[in-house]
Every structure is written in structure tokens, then in C-alpha cells.
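Q: pasted the sequence and its predicted model underneath.
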Amino acid sequence: MFLSVKSCKKEDLILVAKEIGENAPPMAKICDVKEIILNSDEYKCDPDFVKGILENTVTDRKLQEEKELEKMNKKQEQEFELEKIKQQQEFEKLKINSELELTRMQTQNHNQGVIYQQIPETSNAKKRFTLPKLQLRQFGDDLKDWLPFWSQFEYIDKVDDIAPEKKFQYLVQVTVVGSRAREVVESFPPTGENYAKAVDSLKARFGREDL
């Protein structure tokens, strides 16, 4: 009987023994558990019935193992994809930060070269800041795209050298035309005073953790 049922394990035999009313100690050797089954009244009366129980037990255990393996593989795939997204976000952040820093240095060097022009350190310096041409991730309606989008745009949001009205222009450019995100942004007049309001509205609409 045992030879005809492939991949049979001791745990399968212990379950079979229990099913036919026999007691097989968990610490018993596999040969001892087999002996208990073969000497049982149930097996002597109907060996095919006991064999069927064993086959079903092995099948159920294999199905459970396959489910566990599939679950583990799926978890590993998800972890791999999350790591890829994280690395891509870090790369995009570094790229934006580097380009902004380069533009900042170029602007500073240019201003230092203009000797004849006295430029006082006032808030107007923000208006003279030349925005770099960046390839930014666009955001539309998909909630799952919010975190990757904001993790990139947040660098622009935190740069003090960019005037709020310029940030507002960036915000318009990085939202998809016709999307709900663009509608939220364009519901405010494009002024520096409204930039923070537009950002807060986007966060309230798409950045909620319960969505």
C-alpha cells in the first residue's frame, strides 16, 4: 500500500492512523507508524478504504504546500517590485536634486560675473531664478501613483529658491490634462498665494492613507 502512494510522509501516516482510530505517537519512527496502520482492524477489514484515506491525505498536504509556496513566491515578487520602485524613486530624487543644484550654482556664478549690476538680497531673487528643464513624473487619477509622484515633486516643493508662482506652473505641468488632479490644481487661480492651497487640495484628495 505504501509503495503505491508516492511522496508519503510520516505526518501523512500519523493523520491516517488517527483517522482510523489508532494512536501513533508524534515521536514514533515512520516504520512504526506504518506497522500500526497495517495491524489496525480497519486495514485488515478494508485495506482499500485505508489506502484511499492515505491518498487523500497526501493530496491535501501537497495542495497546501503548493498554496504556501505560491504565497511565498508572490510575497517575494511584491517585495522585489517594491524595492525596484524604491530604487527608481531614489534615482529620480537624486537626479532632480542634482539638476536643481547645478542650476542654482550656474545662476549664482552668472550673478557674480555681472559686476556693474548691484543685486540686493531680497525676495525678488526668487523671481529671477531660472527653472531647469526637468523630466518629471506626471500624475492623473490613479491613487497608487500618488506616492511615487509626490516623492519626486516634493523636492521642488521644498526648494526655497523657486518662487511659489513658478512652483504653481510646475504643478500644472506635472498633472495630466483632463485628469481629476489637473482639475483640482486649475480650480485655483495660478498665483503664488494659491500654490500651497493647490498642494493641500491634492494631498487631501489623493494622499489620504485610508483610500
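A: Happy to help now that I have it. Everything quoted here is computed from the prediction, not taken from an experiment.
Q: what's in contact with stretch 185-201?
A: For stretch 185-201, the surrounding residues in contact (Cβ atoms under 8 Å, 6 or more residues apart in numbering) are 157, 163-165, 167-169, 171-172, 175, 184, 202. Every residue, glycine included, has its C-beta placed from N, CA and C.
Q: could you list the low-confidence segments of the protein?
A: Along the chain, the parts satisfying pLDDT under 70 run over 1-5, 104-135, 208-211.
Q: for the most centrally placed residue in it, what is the enclosing helix or strand?
A: Centroid-nearest residue in the chain: Leu82, 4.1 Å away (criterion: Cα atoms, centre = their mean). Taking DSSP states H and E as the criterion, Leu82 maps to helix 47-113.
Q: one step back: drop anything exposed from the contacts of stretch 185-201.
A: 163-164, 167-168, 171, 175, 184, 202 (16 or more other Cβ atoms under 10 Å).
Q: any idea which of these is closest to Gly21?
A: Closest approach between the buried ones among the contacts of stretch 185-201 and Gly21, by Cβ to Cβ: Leu202, at 66.9 Å.
Q: run a quick check on that closest one versus Arg182, I expect a contact.
A: No. Distance between Leu202 and Arg182: 10.2 Å, which falls outside the contact criterion (Cβ atoms under 8 Å).
Q: give me the common contacts of those two.
A: Common contacts of Leu202 and Arg182 (Cβ under 8 Å, 6+ apart): none found.
Q: on that earlier part again, after the helix holding Leu82, which helix or strand is next?
A: Following helix 47-113 in sequence order, the next helix or strand is helix 146-158 (DSSP H and E).
Q: mind listing what's buried in that following helix?
A: For helix 146-158, by 16+ other Cβ under 10 Å, it's 146, 148-153, 155-156.
Q: that helix vs helix 47-113, what angle?
A: Angle, helix 146-158 to helix 47-113, by axes from the mean of the first three to the mean of the last three Cα atoms, to 10 degrees: 20 degrees.
Q: domain parsing for this protein?
A: 10-72, 134-210 (the TED database).
Q: return the distance of the longest one from the chain's centre.
A: Right, domain 134-210. Put simply, domain 134-210 sits 21 Å off its chain's centre (Cα atoms, centre = their mean, to the nearest Å).
Q: number the residues from 11 up from this point.
A: Fine by me, first position is 11 from now on; the one you just mentioned is domain 144-220.
Q: filter the contacts of stretch 195-211 down to just the ones in helices.
A: Under the assignment DSSP state H, those contribute 167, 174-175, 177-179, 181-182, 194, 212 to helices.
Q: dump those into CSV; add distance to Met37 as well.
A: What follows is the ones in helices among the contacts of stretch 195-211, written out as CSV (distance: Cβ to Cβ, whole Å):
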residue, distance to Met37
Asp167, 64
Pro174, 74
Glu175, 77
Lys177, 70
Phe178, 73
Gln179, 74
Leu181, 68
Val182, 72
Val194, 66
Leu212, 63
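Q: out of those residues, which is nearest to Ser50?
A: Leu212 (70.3 Å).
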